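[1] Just a sequence and a predicted model for now, questions to come.
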Amino acid sequence: MSSTTDKLKGIANEAAGNIKQGVGNVTGNEKLQAEGKAQELEGKTQRTVGEAKDGVKNAADAVKNKL
């Protein structure tokens, strides 16, 4: 997966997780709250992976340009 794809999927999962948590809070559904929190954390992880890929690519490009 590309870094952009990872970041976009991460953002989408974070948003969906936040919505699930909100619905869970309003309805008192603890299972939905937990699922939402898990999905939000998964999204944050995906986004972080995408950002790390960008960092590695940028570092590799910098080294390549110095050679």
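    Yep, that arrived. Numbering: from 1, shown residues only.
[2] Test my guess that Ala38 contacts Gly17.
    Yes. Applying C-beta atoms under 8 Å, one finds Ala38 in contact with Gly17, separated by 7.2 Å. (Each C-beta comes from the backbone N, C-alpha and C, glycine too.)
[3] Pick out whichever of these two has more residues nearby.
    Gly17 (20 against 14; other C-beta atoms under 10 Å).
[4] Give the buried residues for the host helix or strand of that one.
    According to DSSP states H and E, Gly17 maps onto helix 3-27. By neighbour count on 16 or more other C-beta atoms under 10 Å, the buried set for helix 3-27 is 3, 6-7, 9-10, 13-14, 16-17, 20-21, 24.
[5] for those residues, which one is nearest Lys57?
    Closest approach to Lys57 among the buried residues of helix 3-27 (C-beta to C-beta): Ser3, at 6.9 Å.
[6] That closest one: what's it in contact with?
    Ser3 makes contact with 50-51, 53-54, 57 under the criterion C-beta atoms under 8 Å, 6 or more residues apart in numbering.
[7] Now it: closest residue in space that isn't a chain neighbour?
    Nearest non-adjacent residue to Ser3, counting by C-beta to C-beta, 6 or more residues apart in numbering: Lys53, 3.7 Å away.
[8] How about the contacts made by the one you found?
    Shown in contact with Lys53 (C-beta under 8 Å, 6+ apart): 2-3, 6.
[9] any idea how far Asn18 is from it?
    Going from Lys53 to Asn18 by C-beta to C-beta, to the nearest Å gives 24 Å.
[10] before we move on, what about Lys66?
    42 Å.
[11] tell me how far the helix or strand hosting Glu40 is from the chain's mean position?
    Glu40 belongs to helix 30-66 when assigned by DSSP H and E. Put simply, helix 30-66 sits 6 Å off its chain's centre (C-alpha atoms, centre = their mean, to the nearest Å).
[12] so that helix versus helix 3-27, what angle?
    160 degrees (axes from the mean of the first three to the mean of the last three C-alpha atoms, to 10 degrees).
[13] Kindly provide the whole-number mean pLDDT of helix 30-66.
    Averaged across helix 30-66, the pLDDT comes to 94.
[14] for that helix, which positions count as buried?
    So for helix 30-66, counting by 16+ other C-beta under 10 Å, buried means 32-33, 35-36, 39-40, 42-43, 46-47, 49-50, 53.
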